[in-house]
Structures are given as structure tokens and as C-alpha cells.
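J.: coordinates only, sequence not included:
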């Protein structure tokens with residue numbers, strides 16, 4: 001709190017149709033950006049950690065696959081959220097595999113390779 005220098009309270013109220021606008025934005029995000037699809041092995045408490053990390057994102061969760069893993073689609077704003085999601089996925093280690101999109105999968109692979117060359 002010591003870093004906060006000033007707070008202004010505005011007289012403007014929240015628009016009455018804010019929920020509709022938010023819902024429309026989320027729907028357009030789902031239609032224009034492919035979700036990040038990850039496969040999660042439930043080891044090292046990774047399933048719980050994964051849901052905690054991605055709480056603020058719109059997501060679809062799929063039941064257990066035949067191999068005992070779970071699949072999660074994470075809908076995100078490519079220009080804003082990609083780096084945060086990348087760091088979260090890397091922190092889950094071998095418990096998570098990125099399935100798609102291919103360009104995001106390559107970013108994960110490159111980040112792992114770079115960590116070995118440091």
C-alpha cells in the first residue's frame with residue numbers, strides 16, 4: 001500500500017449492459033483465437049496447481065483420457081496473456097504437455113532449450 005500515491009473515485013457508473021458486452025467479448029475471443037490445449041498428468045499435485053494458475057482464464061475442461069490425463073483448453077488474449085500462460089505452463093514441468101496451437105508449442109520448446117543453454 002505504501003506505493004499507492006493517489007486514488008481517484010469517479011462519478012461515472014458502470015454501464016447497464018456491461019455483462020452483455022463482456023459476454024460478447026469472450027465469445028469473439030473464442031472465435032478468433034485458437035485456445036491453448038494442454039494435457040495434464042495428475043502428478044505432483046499438478047491438476048490443482050493448474051486450475052489455480054488458470055483461474056482467471058475462460059477454459060474448457062475435459063474428463064480423464066484413456067491414459068489417465070486430463071485436457072484443458074485455455075482461451076486467452078494473444079497479445080496480453082501469452083507470456084503469463086507460457087510461464088505458468090513451464091512451472092508445471094513434465095506434468096503438462098502442450099498439444100496446440102503449434103506456434104505456442106514451439107515457444108514452449110524454445111524456452112526449455114534456452115534454459116539449458118544458460
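T.: Right, received. Where do you want to start? Owing to the predicted nature of the structure, the values given are computational and were not obtained by experimental measurement. Numbers count the residues shown, from 1 in each chain.

J.: any idea of the mean pLDDT in the one helix or strand residue 20 maps to?
T.: Assessed by DSSP states H and E, residue 20 sits inside helix 18-32. Here helix 18-32 scores 81 as its mean pLDDT.

J.: I'd like to check what contacts that helix. Which residues are they?
T.: Helix 18-32 is contacted by residues 15, 58, 75, 76, 77 when judged by CB atoms under 8 Å, 6 or more residues apart in numbering. Glycine gets a C-beta too; all of them are placed from N, C-alpha and C.

J.: from those, which is closest to residue 86?
T.: Of all the contacts of helix 18-32, residue 86 sits closest to residue 76, with 10.5 Å by CB to CB.

J.: For the helix holding residue 20, what is the distance to the chain centroid?
T.: Taking CA atoms, centre = their mean, to the nearest Å, the mean C-alpha location of helix 18-32 is offset from the chain mean by 17 Å.

J.: Quick check: residue 111 is in a helix.
T.: Yes: per DSSP: H, G, I helix; E, B strand; the rest coil, residue 111 lies within a helix segment.

J.: Isn't it up against residue 86?
T.: Yes: applying CB atoms under 8 Å, one finds residue 111 in contact with residue 86, separated by 6.5 Å.

J.: Distance of residue 15 relative to residue 76?
T.: Separation of residue 15 from residue 76 (CB to CB, to the nearest Å) stands at 24 Å.

J.: So for those two, which sits in the more crowded spot?
T.: Taking neighbours as other CB atoms under 10 Å, residue 15 and residue 76 compare with residue 76 leading, 21 against 9.

J.: what about the strands in this structure?
T.: 36-40, 58-62, 70-75, 96-100 (DSSP state E).

J.: and among those, the most buried is which?
T.: When these are scored by mean count of other CB atoms under 10 Å, the highest mean neighbour count falls to strand 36-40 (a mean of 21).

J.: Now do that one against strand 96-100, angle only.
T.: 150 degrees (axes from the mean of the first three to the mean of the last three CA atoms, to 10 degrees).

J.: Next, report how far strand 36-40 is displaced from the centre of its chain.
T.: Centre-to-centre, strand 36-40 and its host chain are 10 Å apart (CA atoms, centre = their mean).

J.: just checking, what packs against it?
T.: Here strand 36-40 touches helix 46-53, strand 70-75, helix 78-91, strand 96-100, going by 3 or more CB pairs under 8 Å, 6 or more residues apart in numbering; DSSP states H and E.
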